[in-house]
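S.K.: 3D model of this:
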Amino acid sequence: MKIIVDAMGGDHAPEEIVKGTLLAARKRTDLELTLVGREAEVERAAARCGGKAGNVRIVNASEVIDMHDDPATAFKVKKDSSMTVGLNLLKAGEGDAFVSAGSTGALLSAGTLLVKRVRGIRRAAMAPVVPNAKGGMVLIDCGANAECTVEYLVQFAYLGSFYASRAMGLAEPRVGLLNIGSEDSKGDQLRQETYRALKEAGDNGHLHFVGNIEAKEAIKGGCDVVVADGFSGNIMLKSIEGTGSFLGRELKGMFMKSLKTKAAALLVKDGLAAFKDRLNPDTIGGTPFLGLQKPVIKAHGASSARAIENAVYQAEAAAKADLAAAIEANIGLMKLSR
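M.R.: From the prediction side, this is the model:
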């Protein structure tokens, strides 16, 4: 499996990106990894991390897309950027998946126009796996498409279901439509029309649709795939992240109040560590853009080396899942009659 990594994307590039890639390379010698970026800087970062592994190569790219560049045109203007060069390598078949912690908008634009969407897919969608009471759920979309049509949301439901089954190993993923209530009459016109379309797909055995779902029920484990427009999905994602951060700080403060509470903390140390790990986005690694012809993984802009390492493994899983083949085989079900 060949994974291409944008060495210059993110707040801590290239140091943490290179370090995380090398961690994956040393643990998984069966992987072939390509770091794309300013060669001299990448080489120096690798040297500080103990040297380049044998299954890692470096491809030079002289430019970097930063947060000040126009996301829609950056990859065209900076043709020798690490992101553009890496995606072109993916397009040319020199890799099976691509990982970047760079600009989300630029990556979405470049991925859509260079790697391209699977034929028939209207919009690529961001689909992070977020924690819930049953382990984790796919939240699709969470920011790529603020305004959606019924067809977009129906396609998101299928994309999320395919990812949950093929990449996460869930036999029959439960799909829920994010709404303000569980009744079929809830929500605006878009939600009501989408509900009817997804219910029909469920009745015909194409999806395991469990109906409308409120955010609190999704977090309790009420479904495996949450379908949302990018605006609502992003609010839900950021709320989960903020709540996790708040709970972590509150628990730490509570256990550090006195000698008694510090002693209690020692008794539940392992449990607290596991809880913290579940809420840590570094554990997942990144967010896939579903609907593209090849896997493109967006790592968090502030990704640590551990996050990049896990993003590499996530990219491998997405590539092995061969989502494009599943989408192409079922694209007829994902189109609404006009």
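S.K.: where does the stretch 201-338 of the chain have low pLDDT?
M.R.: By pLDDT under 70, the low-scoring segments of the stretch 201-338 of the chain are 337-338.
S.K.: where do the helices of it begin and end?
M.R.: Along the stretch 201-338 of the chain, counting by DSSP state H, counting those that start in this stretch, helices occupy 215-219, 230-255, 259-267, 269-279, 305-321, 323-330.
S.K.: out of those helices, flag the one nearest Lys78.
M.R.: Checking the helices of the stretch 201-338 of the chain against Lys78 by CB to CB gives helix 305-321 as the closest, at 21.8 Å. In short, each C-beta sits where N, CA and C put it, glycine included.
S.K.: please point out which parts of the closest one sit buried.
M.R.: For helix 305-321, the neighbour count (16 or more other CB atoms under 10 Å) marks 305-319, 321 as buried.
S.K.: for stretch 203-220, same thing?
M.R.: Buried positions in stretch 203-220, judged by neighbour count with 16+ other CB under 10 Å: 206-215, 217-219.
S.K.: what's the answer for stretch 88-102, then?
M.R.: Neighbour counts using 16+ other CB under 10 Å place 88-91, 95-102 of stretch 88-102 among the buried residues.
S.K.: so which of those are in strands?
M.R.: 97-100 (DSSP state E).
S.K.: tell me the one among these nearest to Ala157.
M.R.: Proximity of those to Ala157 (CB to CB) peaks at Ala97, which lies at 23.3 Å.
S.K.: was I right about the closest one contacting Ala319?
M.R.: Yes - with contacts counted by CB atoms under 8 Å, Ala97 reaches Ala319, the gap being 4.5 Å.
S.K.: secondary structure class for Ala197?
M.R.: Using DSSP: H, G, I helix; E, B strand; the rest coil, the secondary structure recorded for Ala197 is helix.
S.K.: that one contacts Val150, doesn't it?
M.R.: Yes - if you go by CB under 8 Å, Ala197 and Val150 touch, sitting 5.7 Å apart.
S.K.: hey, what's in contact with both of these two?
M.R.: Leu336 (CB atoms under 8 Å, 6 or more residues apart in numbering).
S.K.: count of neighbours near Glu63?
M.R.: Counted by other CB atoms under 10 Å, the residues lying close to Glu63 total 19.
S.K.: so how far is Tyr158 from it?
M.R.: 37 Å (CB to CB, to the nearest Å).
S.K.: likewise Phe246?
M.R.: According to CB to CB, Phe246 stands 34 Å off from Tyr158.
S.K.: so between the two, which is more surrounded?
M.R.: Neighbour tally, Phe246 and Tyr158, criterion other CB under 10 Å: the higher count belongs to Tyr158, 26 against 10.
S.K.: contact partners for the more buried one?
M.R.: Counting by CB under 8 Å, 6+ apart, Tyr158 touches 206-207, 327, 330, 333-334.
S.K.: can you rerun that using 6 Å?
M.R.: Tyr158 makes contact with Met334, according to CB atoms under 6 Å, 6 or more residues apart in numbering.
S.K.: how far off centre is the host helix or strand of it?
M.R.: Here Tyr158, judged by DSSP states H and E, is contained in helix 150-166. Relative to its chain's centre, helix 150-166 lies at 14 Å (CA atoms, centre = their mean, to the nearest Å).
S.K.: what's the first helix or strand after it?
M.R.: strand 174-178.
S.K.: tilt between that next one and helix 230-255?
M.R.: Strand 174-178 and helix 230-255 meet at an angle of 100 degrees, taking axes from the mean of the first three to the mean of the last three CA atoms, to 10 degrees as the criterion.
S.K.: pull up the pairing partners for strand 174-178, direction included.
M.R.: Here strand 174-178 has these sheet partners by DSSP bridges: strand 208-213 (parallel), strand 225-227 (parallel).
S.K.: relative to Arg28, which of those strands is closest?
M.R.: strand 225-227 (28.3 Å).
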